[in-house]
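# Just to be clear, the model below is a prediction. Sequence and coordinates:
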Amino acid sequence: MDNLDILDAIVEDIRAQFEAKNAARDAAINQSRGLIQHCANAIRAVHRHEWDAARARLDTARDAANAIRAMVADYADLYHSGYTQDALKEYVEACVIYALARDEALPTPQSLGVEPSTYLNGLCEAASELRRQILDILRRGHSDDAERLLAAMDTIYGLLIGFDFHDAITGGLRRRVDALRAVLERTRGDVTNSVRQGALQAALADFERRIGLETAFGDVETDFSDDEGDAA
């Protein structure tokens, strides 16, 4: 076999490898879109307090995440690509939001099968998404749940702000933490206003109650005075 025949065989072998890799890439991209959609549906169900539906969608998302990892298992660059890690980040976000909303133990990177940077970015976005959950609670009236979720946001921010590493290591975490800080401050202001409004409403209700009692006692005294006048 001469050199040209050998080169032809080499090129055909490379072509076959590229075709297999391209097929894996296309499949992973399609599966990533599906995973992101499953996660969005799970988060939507959490905000609606549809817990059974949320759990079912998270189970579907878990299967989709496992499928993606299997598709790119032989291709490290595809696994670490943006579309794969972004989809897995959404999976982390959905799982963390569910756990925080239900006041359950948080999932770990190991239990979710994700990279550390992917986990941290998903955790950060979950903390930001808690704002919507808190506002929904405040619309129904202030409760301890709003305070608990705000404390969770604050804790997550305090932990993530300490990751002062290059974006190449953290996957762009710094930008997300900066965005979380703004969301946290707005949410803290909303919760504070809710507390003050609740205190004001309680004070007004107490004032109205006392005025009502004083008025009622005043009417009773007037009735007694009229009776004494009639007796005279």
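Arrived safely, thanks for sending. Numbers count the residues shown, from 1 in each chain.
# At which residues are the helices of the chain located?
Taking DSSP state H as the criterion, the chain carries its helices at 3-47, 51-71, 76-79, 82-101, 109-112, 116-140, 144-160, 167-170, 173-231.
# Show me what the fifth one is packed against.
Contacts of helix 109-112 with other secondary structure elements, assessed using 3 or more CB pairs under 8 Å, 6 or more residues apart in numbering; DSSP states H and E, are made with helix 82-101, helix 116-140. For glycine as for every other residue, the C-beta is placed from the backbone atoms N, C-alpha and C.
# So which bits of that helix are buried?
Buried residues in helix 109-112, defined by neighbour count with 16 or more other CB atoms under 10 Å: 109, 112.
# tell me the mean pLDDT over that helix?
For helix 109-112, mean pLDDT rounds to 97.
# what do you get for stretch 30-43?
In this model, stretch 30-43 carries a mean pLDDT of 97.
# follow-up on the earlier one: winner for burial among the helices of the chain?
helix 82-101 (a mean of 23; mean count of other CB atoms under 10 Å).
# now it: mean pLDDT?
97.
# relative to helix 3-47, how tilted is it?
On the basis of axes from the mean of the first three to the mean of the last three CA atoms, to 10 degrees, helix 82-101 is oriented at 20 degrees to helix 3-47.
# Could you check the angle helix 82-101 makes with helix 51-71?
Using the same axes, to 10 degrees, helix 82-101 lies at 150 degrees relative to helix 51-71.
# Quickly note the distance from residue 160 to residue 60.
Residue 160 sits 28 Å away from residue 60, going by CB to CB, to the nearest Å.
# Then residue 166?
In terms of CB to CB, residue 166 sits 35 Å off from residue 60.
# do the same with residue 169
Using CB to CB, residue 169 is found at 31 Å from residue 60.
# Might you report the residue contacts of residue 66?
Each residue near residue 66 by CB atoms under 8 Å, 6 or more residues apart in numbering is listed here: residue 113.
# er, residue 135 I mean
Contacts of residue 135 by CB under 8 Å, 6+ apart are 187, 190.
# mind running it again at 6 Å?
Residues near residue 135 by CB atoms under 6 Å, 6 or more residues apart in numbering: none.
# How about residue 154?
With CB under 6 Å, 6+ apart, residue 154 has no contacts at all.
# please redo it, this time with the cut-off set to 8 Å
184, 188.
# what about it, distance to residue 180?
Counting by CB to CB, the gap from residue 154 to residue 180 is 10 Å.
# Now list whatever residues contact both of these two.
What both residue 154 and residue 180 touch, as defined by CB under 8 Å, 6+ apart, is an empty set.
# Where does pLDDT dip in the protein?
Scanning the chain for pLDDT under 70 picks out the ranges 1, 142, 194-209, 212-232.
# Repeat the analysis, applying 90 as the threshold.
Counting by pLDDT under 90, the chain shows low-confidence ranges at 1-6, 8, 137-145, 189-232.
# Let me see the contact set for the residue nearest the centre of the chain.
Here the mean C-alpha position of the chain is nearest to the C-alpha of residue 126 (CA atoms, centre = their mean), at a distance of 2.6 Å. For residue 126, the contacting residues are 92-94, 96-97, 100, 156, by CB under 8 Å, 6+ apart.
# how close does the closest residue to it other than its chain neighbours get to residue 64?
Leaving aside its sequence neighbours, residue 126 sits nearest to residue 96 (CB to CB, 6 or more residues apart in numbering; 3.8 Å). To residue 64, residue 96 is 17 Å away according to CB to CB.
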